[in-house]
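Peer 1: Provided below for reference: sequence and predicted model.
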Amino acid sequence: NSGSFENFSPDTAIGVNTGESDSAGQSIVSEQILDDNSLNLTIDSDTVDRIYWLAEKDRLEIGTSGGPFHLYGSETSRTITPTNFTIQKASAWECADIPPVRVGNALVYAQLGKRKIRAMGRDQGGTYVAADLSSTSDYFQANSISTVSHQKQPHSLIWMIRDDGRLISMSFDERDEFAGFAIHTVGGSHTDATYGNHAKVESLAVIPRTPDDRVWMIVKRTVNGSTVRHVEFMQNFFVDSRDSQQKAHFVDSGIYTESGTTISSITGLAHLEGETLDVLINGGVSSQKTVASGTITFPAPIIGGTAATKIVAGLPYVSKIHTLPVRSADDDSVFPLGRVRMVKAHLRFSETLAVQVGLETLNLEEVLFRTTQDLTGSVPPLFTGTKIMSLVGRTEEDESLRIISSGPLPLTLLNLITEHEVNIQ
């Protein structure tokens, strides 16, 4: 009942009279102090801490340059009044001037310096801790974080933008104490002598909707010699029972065209003039096309004996999985028994096509999804099941496996098991 809070002073939380907007800091000398009077609370700290953000929960959480603080009434009554208030420091890990996100019961925020991500919550003993989620990632060693946003559906993903325009995602589960990072290469390019020639994400926001929260962004690219900015959104996570293979949208800044007759060309691509696009025709990968006068054409519009009626076209990008190397033993061997090399990989896929697999030191090998039951020239259906790949590599301690999506189609890897050959010494 103590009203709203505004940051008029760098280290002060100010509340106005309930129902009023201009009573902050009014004197109440010689007057009765009421629960709905205004109040002015300066954070008591050993440093001058600038307030950057506020977050709500059972206590008001205040992010400052000296760390997060909690503002609440008392342990018996959380209502804040001029005579009932507590400001308590929750952690000494400082906060950056980036709004945090709430994931379950954890408050995820960027640390001062913008090179670490922390999750603040209670440990088993009830003490507030701010765990470092980015300790196993090197994505923020040279570049800082500029934006943090949370996608709740269908999977909990925290999206971040680095100051070089790179897009980073973090899978985070508070209950399992799990955090995994991935860097996302956005299709296209942008000429930039400072941060590199990759396309750059400048702004990002998550908008709740059904069935998936929608991730919107502004992407800066160099197209046809000019710098352009496109407002784009990510398509829903692919689910074959809901989204047909013919409409699989695994391109950037792309479009989808459908017709009851054969499609010989697609217009409306002036925003990608001169760019080379990946093309999916009736659910099958076609040859790349270059946009000319806002149009791409198809001299041979017959795919698998069927007229080309459903086409997805857009900027290509490559999805990669690199496994970590096998851990060394105390005697500097890969396993205590001796040296080892990877010889087989068991990969369980869901609704997947167009994948290449190989060891880091060898050429990639195409995973065969087409069967003898598929007609020549037809589009094979998305595959769900296990593929076993035979690998022949050198005996190297740091050998890792590469799994790469080689076309504008979905790749979902559910499980990976590797077999190793051990040379007993």
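Peer 2: It's in.

Peer 1: what is the burial count for Leu414?
Peer 2: 12 (other C-beta atoms under 10 Å). Yep, even glycine has a C-beta here, placed from its N, CA and C like the rest.

Peer 1: partners of the host helix or strand of it, with directions?
Peer 2: Element membership for Leu414 (DSSP states H and E) is strand 413-424. Partners of strand 413-424 in the sheet, by DSSP bridges, are strand 338-352 (antiparallel).

Peer 1: and the helix or strand following the strand it pairs with, what does it pack against?
Peer 2: Counting by DSSP H and E, the next helix or strand C-terminal to strand 338-352 is strand 355-359. Strand 355-359 is packed against strand 338-352, strand 365-366, strand 401-405, with contacts defined by 3 or more C-beta pairs under 8 Å, 6 or more residues apart in numbering; DSSP states H and E.

Peer 1: which residues are in contact with strand 355-359?
Peer 2: Strand 355-359 is contacted by residues 342, 345, 347, 349, 364-367, 369, 389, 391, 393, 399-406, 411 when judged by C-beta atoms under 8 Å, 6 or more residues apart in numbering.

Peer 1: what's the angle between that strand and strand 413-424?
Peer 2: 20 degrees (axes from the mean of the first three to the mean of the last three C-alpha atoms, to 10 degrees).

Peer 1: renumber starting at 361 from here on
Peer 2: Got it, the first residue is 361 from now on, which makes the last one we talked about strand 715-719.

Peer 1: just the buried ones from the contacts of strand 715-719?
Peer 2: Neighbour-count burial (16 or more other C-beta atoms under 10 Å) applied to the contacts of strand 715-719 gives 702, 705, 707, 709, 727, 729, 749, 751, 753, 759, 761, 763-766, 771.

Peer 1: which of those residues sits closest to Glu592?
Peer 2: Ser765 (19.6 Å; C-beta to C-beta).

Peer 1: give the contact list for that closest one.
Peer 2: Phe610, Val678, Ser679, Lys680, Ala714, Val715, Leu771 are the contacts of Ser765 under C-beta under 8 Å, 6+ apart.

Peer 1: check what pLDDT the third one gets.
Peer 2: Put plainly, it is Ser679. Looking at Ser679, its pLDDT is 92.

Peer 1: in the helix or strand encompassing Ser531, which residues are buried?
Peer 2: Applying DSSP H and E as the criterion places Ser531 in strand 527-533. For strand 527-533, a neighbour-count test (16+ other C-beta under 10 Å) marks Leu527, Ile528, Ser529, Met530, Phe532 as buried.

Peer 1: save the helices and strands packed on strand 715-719 as CSV, and put in mean pLDDT and distance to Val561 too.
Peer 2: CSV is the format used below for these (pLDDT from 0 to 100; distance: least, C-beta to C-beta, whole Å):
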stretch, mean pLDDT, distance to Val561
strand 698-712, 86, 26
strand 725-726, 90, 31
strand 761-765, 92, 20
